[in-house]
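# Sequence plus predicted model, see below.
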Amino acid sequence: MLEEQLLRLTAGRIARGERPVIGLNGPVGAGKSTLSQRLQQRFAAEGLRLAVASIDDAYLPWQQRLEAMAGNPFGVNRVPPGSHEPERLVEAIAAWRGGLQGTVLRLPRFDKRLRQGQGDRTADWQGSAQALLLEGWLVGCEPVPALDIAACTNNHPPELGYLSPLERRWLPHWNRALEAYRPLWRQLDQLVMLWPVRWQLPRRWRFQAEARQRARGGGWMPPQELESLVRSSLCSLPPPLYQRPLVQRADLVRLLDGRRRSLWEGSGAEAMGVLEAIDETQASSPSSSATG
């Protein structure tokens, strides 16, 4: 089971005196927060303290975020690359690993409920930790060579057919913005990926999650705004260009069915063969877009 393998890998690093950082990549709605909580509980049962941060905790301050996202094709002020300040997390990890304050880790936090649902920074979290899990939909994503981006923008490959012309024109912008995240990705000791069996699923999952929150009295995001945020995550860094290359490098991959249950788990290298078989099965399907 993925949780047990990850615990074993991380515990080994801790025993060697390391302070490991685990990256967790998965699309919106895939259950990253649920898995993170489960891992914290599992680690605690073994006497290990696992802290959890989201890439969203490193969003830019409000005014800077508005400026950075001005004019984008999704009409959002957060989510796409360039809306974060990854240096804050790099600095937090460096101070923690430096050991100047023992095992105390200080992490930025972001509250999505502030500013009428637009979100803003809130008080930092501070606590003792032996390991850190960093989760987010773009965790680990690397810039694609400029020539490849140009080819995708100009040649309209079928796998990117779901992008609008304006979204295509913004691809080079998002690609350049990823450069700023590279120092943070270099801090990752392990990479875990949650991969949907179909990329139409994340949108459904996120809307289902919002419906559950509303049923509990906690939902707050208008449908059109939620649609824009979900689309911005699927179309600013299209999965065929950015998430797919991560799979082979991942330490652990979990393939999710339509109900977010595990269909298959294994190493990234093993996952490539599984995904190729899925691609062959879905090749003739008319609904093969990432947002369909």
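Arrived safely. Residues are numbered from 1 along each chain as shown.
# remind me which residues of the stretch 101-250 of the chain are low pLDDT?
Applying pLDDT under 70 to the stretch 101-250 of the chain flags the ranges 101, 218-220.
# now the helices for it?
For the stretch 101-250 of the chain, the helices defined by DSSP state H, counting those that start in this stretch occupy 146-155, 165-177, 182-185, 201-215, 223-235, 244-247.
# So which of those is nearest residue 270?
For the helices of the stretch 101-250 of the chain, the distance to residue 270 is smallest for helix 244-247, at 9.9 Å, taking CB to CB. All C-beta spots, glycine's among them, are computed from the backbone N, C-alpha and C.
# How far off centre is the closest one?
In terms of CA atoms, centre = their mean, to the nearest Å, the centre of helix 244-247 is found 13 Å from the chain centre.
# Please enumerate residues in contact with it?
For helix 244-247, contacts defined as CB atoms under 8 Å, 6 or more residues apart in numbering pick out 25, 140-142, 191, 193, 195, 253, 268, 271-272, 275.
# Let's see which of these end up in strands.
Among these, the members found in strands (DSSP state E) are 25, 191, 193, 195, 253.
# Return the alpha-carbon coordinates of the host helix or strand of residue 63 using PDB.
For residue 63, the host element (DSSP states H and E) is helix 62-68. C-alpha atoms of helix 62-68 as PDB (Å, rounded to 0.1, in the frame of the first residue of the first chain):
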ATOM      1  CA  TRP A  62      -3.000  40.200  -2.500                       C
ATOM      2  CA  GLN A  63      -1.900  43.200  -4.600                       C
ATOM      3  CA  GLN A  64       1.100  41.400  -6.100                       C
ATOM      4  CA  ARG A  65      -1.100  38.400  -7.000                       C
ATOM      5  CA  LEU A  66      -3.600  40.600  -8.800                       C
ATOM      6  CA  GLU A  67      -0.700  42.200 -10.800                       C
ATOM      7  CA  ALA A  68       0.900  38.800 -11.600                       C
END
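# Now do the same for that helix: mean pLDDT, whole number.
Averaged across helix 62-68, the pLDDT comes to 97.
# ok, residues contacting that helix?
Residues outside helix 62-68 that contact it (CB under 8 Å, 6+ apart): 59-60, 77-78, 82-83, 115, 118, 120-121.
# Looking at those residues, which is nearest residue 147?
residue 82 (21.4 Å).
# which stretch of helix or strand covers that closest one?
Counting by DSSP H and E, residue 82 is part of no helix or strand.
# do the same with residue 19
Here residue 19, judged by DSSP H and E, is contained in no helix and no strand.
# what about residue 75, which helix or strand?
Applying DSSP H and E, one finds residue 75 in no helix or strand.
# hmm, back to that, out of the helices of the stretch 101-250 of the chain, which gets nearest to residue 42?
Comparing the helices of the stretch 101-250 of the chain by their distance to residue 42 (CB to CB), the top pick is helix 201-215, with 22.6 Å.
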